[in-house]
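1. All I have is the shape, not the residue letters:
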């Protein structure tokens, strides 16, 4: 693998004695769009929280953009952007006011110009002076994506980015992700449930089940071996306990 | 601008726009102005009557007695402020402290702040600085009102020492309000719900203002809202000796009233400090403890939480 930008080494997190993430060892190359699949409660969000330094691992470590998440969290934060599953912003402020605050916190130079540039890039200049409180899920997701790329991060973490979006919203977001990856060389780490999105967007995938990594390969290899979306879905279901249970019932 | 000051500025501006905070802050300022006006009005009336009497007495060829306005320290005019600070000032500070942290938790922006290049220590400093700035603002408005009162009363001249005492009172008031603001900040950070985060410091405020003084100094709750009767000596019996020893240091309202009375020159001569710890030191220790509590709560705040656990 060339230039891994994310490396985890036996990364572990437990809650009340239950291992949410269990000795996760993973490498993701620079410039990839990485799809992280798993059932509900598999540990995907916990993994992202550790990689973004929002939560400390119980054991193990990881490096993101060359920085250790344990010993150098501030450098990690300078290199990453993060869009949570439910983008929450200051509802009483406009999109621009929200973005200016986050841009300044990230140390962006000339924040006014950068905010305008990013809003233009994401085709949402029309939202600039509207209060976020009145935004739809799709609008919030766009502003959420805007706050994540203001400081030109090298790695972008997206937690269930298409959750709750209509088909049009999903397509727009997919196009944006591909654009950010191709035009700006951002490595994308994306948690998702949607198998169909994986095939259309990702360059490599991994499956997490009960905190353990059960599958990791490049998408070409996966599609060559398993074929279309339906076959990919079969693969995913065979790797997760919920899917195995459904298979046994059938 | 450093991230901690950005957090401070954003938080302070947000809280200033909150209706409850604006209402309580305005109420505090109005009460301070009323306190100043009442003091000014009473003194001006006495002085006016004295001036008229002086003319009459002089015309009648009789001896003119000294002006009663000068029998007491002019700082006595401000005595009601100690009650307003202990009641509405402390309550305003609790709400300010609580809102400062709740605004981020309620908005659900903690994860977006948590992935920025600032430590949780920077975040905590930002919040504490915002609280300090807002309480300083309230105190400055109160100080301006007090100063204006003295400047518009031509018959009253404050000595340099008395001006220093007035400044000292404002500083002690700000410290007292900051203690409650920091408690509000701390409970706002570690409570699981917004309601509990506000209820806890308000309960602490009620206990400190009304219950502890009753236990340590036999002070009736209604007397606690009177600056003079709040300074009555407790009955000379064993129970109050013991409670004063054990609970006295925690009876911050007593310490504040004692310190205020000393600074504003209305401390009765037979009154001793409410505990073995000098009142000024007691308030300072409470400020340090409240700061430590707020620091611990803010630096331990789970930045993964998008909202309260509801």
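-> Nice, thanks for sending it over. Note that the coordinates shown come from a computational prediction; the quantities given were computed from them, not determined experimentally.
2. next structured bit after the lengthiest helix in chain A?
-> Assignment by DSSP state H gives helix A:167-184 as the longest helix of chain A. Note on helix A:167-184: by DSSP states H and E, the next helix or strand toward the C-terminus is strand A:187-192.
3. Can you name the element that comes right after that next one?
-> helix A:195-201.
4. For the closest residue to chain A within chain B, which non-adjacent residue is spatially closest?
-> Using C-beta to the nearest C-beta, the closest approach of chain B to chain A is made by residue B:108 at 2.9 Å. (C-beta placed from N, C-alpha, C; glycine too.) Leaving out its chain neighbours, the residue that sits closest to residue B:108 by C-beta to C-beta, 6 or more residues apart in numbering or on different chains is residue A:88, at 2.9 Å.
5. So residue A:205, which state does it fall into?
-> Of the three states, residue A:205 takes strand under DSSP: H, G, I helix; E, B strand; the rest coil.
6. bridging residues for the closest residue in space to it that isn't next to it in sequence?
-> Leaving aside its chain neighbours, residue A:205 sits nearest to residue A:35 (4.3 Å; criterion: C-beta to C-beta, 6+ apart). Counting by DSSP bridges, residue A:35 is bridged to residue A:190, residue A:205.
7. Now for residue A:35: which residues touch it?
-> Residues near residue A:35 by C-beta atoms under 8 Å, 6 or more residues apart in numbering or on different chains: A:190, A:192, A:197, A:198, A:201, A:202, A:204, A:205, A:206, A:219.
8. Which helix or strand contains the closest residue to the third one other than its chain neighbours?
-> Residue nearest to residue A:197 in three dimensions, not counting chain neighbours: residue A:162, with 6.0 Å by C-beta to C-beta, 6+ apart. Secondary structure assigned from DSSP H and E places residue A:162 in neither a helix nor a strand.
9. quick one: the residue of chain B closest to chain A and residue A:86 touch, right?
-> Yes: using C-beta atoms under 8 Å, residue B:108 is in contact with residue A:86, at 7.4 Å.
10. For the chain, give me the ranges with low pLDDT.
-> I went with chain A, as the question did not name one. Filtered on pLDDT under 70, chain A yields the residue ranges A:1-2, A:227-231, A:241-250.
11. if you could check chain B rather than the one you did, that'd help
-> Along chain B, the model assigns pLDDT under 70 to residues B:153-155, B:218, B:220-232, B:306-310.
12. Could you tell me which residues of it lie near chain A?
-> B:1, B:3, B:6-7, B:10, B:14, B:17, B:103, B:107-109, B:111-119, B:302-304, B:306-307 (C-beta under 8 Å from any C-beta of the partner chain).
13. Just the buried ones among those, please.
-> The neighbour count (16 or more other C-beta atoms under 10 Å in any protein chain shown) marks B:3, B:6-7, B:10, B:14, B:103, B:107-109, B:111-118, B:303-304, B:306 as buried among the residues of chain B next to chain A.
14. Distance check, residue A:25 against residue A:60.
-> Residue A:25 sits at a distance of 8 Å from residue A:60 (criterion: C-beta to C-beta, to the nearest Å).
15. repeat for residue A:153
-> For residue A:153, the distance to residue A:60 equals 23 Å [C-beta to C-beta].
16. neighbour count winner among these two?
-> Legend: neighbour count by other C-beta atoms under 10 Å in any protein chain shown for residue A:153 and residue A:60, higher for residue A:153 (22 against 19).
17. okay, now the residue nearest to that one when sequence neighbours are not counted: neighbour count?
-> Nearest residue to residue A:153, sequence neighbours excluded (C-beta to C-beta, 6+ apart): residue A:81, at 4.0 Å. Number of residues near residue A:81 (other C-beta under 10 Å) recorded here: 26.
18. and the particular helix or strand that has residue A:81 in it, what does it pack onto?
-> Assigned by DSSP H and E, residue A:81 belongs to strand A:80-83. Contact here means 3 or more C-beta pairs under 8 Å, 6 or more residues apart in numbering or on different chains; DSSP states H and E; on that basis strand A:80-83 packs against helix A:137-149, strand A:155-159.
19. Just the buried positions in stretch B:270-290, please.
-> Counting neighbours by 16+ other C-beta under 10 Å, stretch B:270-290 gives B:271, B:273-275, B:277, B:279-280, B:282-284, B:286-287, B:290 as buried.
20. Can you get me a residue count around residue A:131?
-> Residues within reach of residue A:131, counting by other C-beta under 10 Å, total 16.
21. isn't the residue nearest to residue A:153 right next to residue A:155, touching?
-> Yes: between residue A:81 and residue A:155 there is a contact under C-beta under 8 Å: 7.4 Å.
22. what sits in contact with each of these two?
-> Both residue A:81 and residue A:155 are in contact with residue A:186, where contact means C-beta under 8 Å, 6+ apart.
23. Kindly list the longest helix within chain B.
-> Within chain B, and with DSSP H defining each element, the longest helix by residue count is helix B:19-59.
24. After that helix, which helix or strand is next?
-> Counting by DSSP H and E, the next helix or strand C-terminal to helix B:19-59 is helix B:79-84.
25. tell me which strands and helices that next one is in contact with?
-> Short answer (3+ C-beta pairs under 8 Å, 6+ apart): helix B:79-84 packs on helix B:19-59, helix B:160-190, helix B:252-263.
26. Please identify the most buried of these.
-> Among the helices and strands packed on helix B:79-84, helix B:252-263 has the highest mean neighbour count (mean count of other C-beta atoms under 10 Å in any protein chain shown), at a mean of 26.
27. any idea how far the closest residue to residue A:53 other than its chain neighbours is from residue A:22?
-> Nearest non-adjacent residue to residue A:53, counting by C-beta to C-beta, 6+ apart: residue A:73, 4.0 Å away. From residue A:73 over to residue A:22 the distance is 22 Å, taken as C-beta to C-beta.
28. same check, this time on residue B:265
-> Residue B:265 is 70 Å from residue A:22, where distance means C-beta to C-beta.
29. now do residue A:186
-> Distance, residue A:186 to residue A:22, by C-beta to C-beta: 29 Å.
30. any idea how far residue B:245 is from residue A:15?
-> Relative to residue B:245, residue A:15 is positioned 46 Å away (C-beta to C-beta).
31. How about residue B:88?
-> Using C-beta to C-beta, residue B:88 is found at 31 Å from residue B:245.
32. out of those two, which sits in the more crowded spot?
-> More crowded of residue B:88 and residue B:245, by other C-beta under 10 Å: residue B:88, with 19 against 12.
33. Isn't that one up against residue B:31?
-> Yes: with contact defined as C-beta under 8 Å, residue B:88 reaches residue B:31; the gap is 5.8 Å.
34. Look at residue B:265 and residue A:22 and report which has more neighbours.
-> Higher neighbour count among residue B:265 and residue A:22: residue A:22, with 19 against 15, using other C-beta under 10 Å.
35. For the more buried one, which residues are in contact?
-> A:12, A:43, A:210, A:211, A:212.
36. try 7 Å this time
-> By C-beta atoms under 7 Å, 6 or more residues apart in numbering or on different chains, the contact set of residue A:22 is A:12, A:211, A:212.
37. What about those residues, which are in strands?
-> Among these, the ones falling in strands (DSSP state E) are A:12, A:212.
38. Who wins on neighbours among the contacts of residue A:22?
-> Compared across the contacts of residue A:22, residue A:211 has the highest neighbour count, 23 neighbours, by other C-beta under 10 Å.
39. do you know how far that one is from chain B?
-> 17 Å (C-beta to the nearest C-beta, to the nearest Å).
40. Backbone dihedrals for that residue, please?
-> Per-residue torsions, residue A:211: phi 80, psi -10 (degrees, to the nearest 10).
41. likewise the one 3 residues further on?
-> In terms of degrees, to the nearest 10, the main-chain angles of residue A:214 are phi -110, psi -10.
42. do you know how far it is from chain B?
-> 25 Å.
43. number of nearby residues for that residue?
-> 15.
44. before we move on, what about residue B:209?
-> Neighbours of residue B:209 (other C-beta under 10 Å): 24.
45. Next one: residue A:92 from residue B:131, what distance?
-> As judged by C-beta to C-beta, residue A:92 and residue B:131 stand 20 Å apart.
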